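S.K.: Need a 3D model of the following:
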Amino acid sequence: MTKAYDDVFYVGEGGLKLYARDYGDDRGDRPVVLCMHGLTRNSADFHNLALILSDRYRVISVDQRGRGWSDYDTDISRYRPDIYCADMFALLEHLKLSTVIAIGTSMGGIMAMMMAATQPGVFSKVIINDIGPDIDPKGLDRIKGYVGGPNKFDDWDAAVAAIKAQGPDIFPDYTEADWLAFAKRICETTPDGKLRFAYDPAISKPIKTDGANAAPPDMWSLYSALYDMPVLVIRGALSDILSKETAQKMAEDHPNCRYSEIPNIGHAPMLTEPESLLAIERFLKADT
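M.R.: Now for the predicted structure:
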């Protein structure tokens, strides 16, 4: 059976071997979408969205260092947003891409703002999924509470239970089949046949010791780096990370911003909800 994507291996900051999925081909007439996941996720987060978009777009979905198929970093101080951004610039250089469309979920959205501020012109459009310049401390504390915690499970039922415990109200409409599919995206099998989350538990240490490793200070100035390009802000209506007030301010302050709120979803929408897909399709098709 043919895989839907090609494997891309490249060298990131500090010589680390990193990984990305490449859905589509390198034809010059196909716009490129760069998908950047949240703190504990990986490239599989965007698989279903990539399948939907890949008939019209070349979609690159990444594993940040310490996640998925990317190598773990022996220097855990490098698990921080500026290094992740440097890795993304290395990936774009490796693929010979100068300008792309960005989709960033949570940490990936912070990275999109940082990258636009660091290298103007790298993005033609940006979709920010459930993150903003002001982060609700309740949600951030919730994430800090589980990242780097127990990371080995006997079976899929145990893995699903652990994921549900991270935020049982995030996906209130999920069926057991949905939860299992979610677990299979973010877990991997260990050599002894057990299961674990597909990330280095050490990614938690920098964000617990220094708040700037979770989110840089003064993100409103970073967000202003997106003012010269179209932006779509997506928010889960139940989000404990991006407040409705912050999302609305992002839309009001930006000269060319669309805003879509996804009902009955917390942090963060998977971007395959009907409302998310409709917002993304309309945004990508629009000229401005």
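
S.K.: List the residues that contact the residue positioned nearest the centre of the chain.
M.R.: What sits nearest the mean C-alpha location of the chain, by C-alpha atoms, centre = their mean, is His37, with 1.7 Å. Applying C-beta atoms under 8 Å, 6 or more residues apart in numbering to His37 gives the contacts 43, 45-46, 61-64, 67, 105-108. Any C-beta I mention is one placed from the backbone N, CA and C, and that applies to glycine too.

S.K.: How about the secondary structure of Val8?
M.R.: Of the three states, Val8 takes strand under DSSP: H, G, I helix; E, B strand; the rest coil.

S.K.: thought it was touching Lys17?
M.R.: No - contact criterion C-beta atoms under 8 Å: Val8 and Lys17 do not qualify, at 11.2 Å.

S.K.: Looking at these two, which is more packed in?
M.R.: Shown here are Val8 and Lys17; by other C-beta atoms under 10 Å, Val8 has more neighbours (19 against 12).

S.K.: And for that one, nearest residue in space, chain neighbours not counted?
M.R.: Excluding the flanking residues, the one nearest Val8 by C-beta to C-beta, 6 or more residues apart in numbering is Ala20, at 4.4 Å.

S.K.: Repeat that for Ala165.
M.R.: Tyr146 (7.4 Å).

S.K.: One more: Gly68?
M.R.: Asn42 (3.4 Å).

S.K.: Do you know the pLDDT at Thr2?
M.R.: pLDDT, Thr2: 71.

S.K.: actually Ile265, sorry about that
M.R.: 97.

S.K.: Tell me which residues touch it, please.
M.R.: 170-171, 236-239, 273.

S.K.: any idea how far it lies from Gly167?
M.R.: To Gly167, Ile265 is 11 Å away according to C-beta to C-beta, to the nearest Å.

S.K.: State the phi and psi torsions of Leu39.
M.R.: phi -50, psi -50 (degrees, to the nearest 10).

S.K.: Surely it touches Ile203?
M.R.: Yes - using C-beta under 8 Å, Leu39 is in contact with Ile203, at 7.0 Å.

S.K.: Check which helix or strand the residue nearest to Val8 maps to.
M.R.: strand 17-23 (DSSP states H and E).

S.K.: what inclination does whichever helix or strand comes after that strand have with respect to strand 17-23?
M.R.: Where DSSP H and E defines the elements, the next helix or strand beyond strand 17-23 is strand 32-36. Taking axes from the mean of the first three to the mean of the last three C-alpha atoms, to 10 degrees, one finds that strand 32-36 is oriented at 130 degrees with respect to strand 17-23.

S.K.: Report the separation between Glu252 and Glu93.
M.R.: Distance, Glu252 to Glu93, using C-beta to C-beta: 36 Å.

S.K.: re earlier: check the contact between the residue nearest to Val8 and Gln64; I expect there is one.
M.R.: No - if you go by C-beta under 8 Å, Ala20 and Gln64 don't touch, sitting 9.8 Å apart.

S.K.: Sort out for me which of the contacts of Ile265 are in helices.
M.R.: Judged by DSSP state H, helices contain none of the contacts of Ile265.

S.K.: So how do I select the buried members of the residues you listed in ChimeraX?
M.R.: Remark: buried members of these, expressed as a ChimeraX selection using 16 or more other C-beta atoms under 10 Å:
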select :170,171,236,238,239,273
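
S.K.: min pLDDT across the contacts of Ile265, which one?
M.R.: Ile170 (92).

S.K.: So that one sits against Gly266, correct?
M.R.: Yes - the criterion here is C-beta under 8 Å, and Ile170 meets it with Gly266 at 3.5 Å.

S.K.: intersection of neighbour lists for these two?
M.R.: Shared contacts of Ile170 and Gly266, defined by C-beta under 8 Å, 6+ apart, are found at 236, 238.

S.K.: Could you check how far Met270 is from Ile280?
M.R.: Using C-beta to C-beta, Met270 is found at 12 Å from Ile280.

S.K.: what residues are shared contacts of those two?
M.R.: Among the neighbours of Met270, those also in contact with Ile280 (C-beta under 8 Å, 6+ apart) are Leu49.

S.K.: Same drill for the two, tell me which one is more crowded.
M.R.: In terms of neighbours (other C-beta under 10 Å), Ile280 is the more surrounded of Met270 and Ile280; the figures are 22 against 19.
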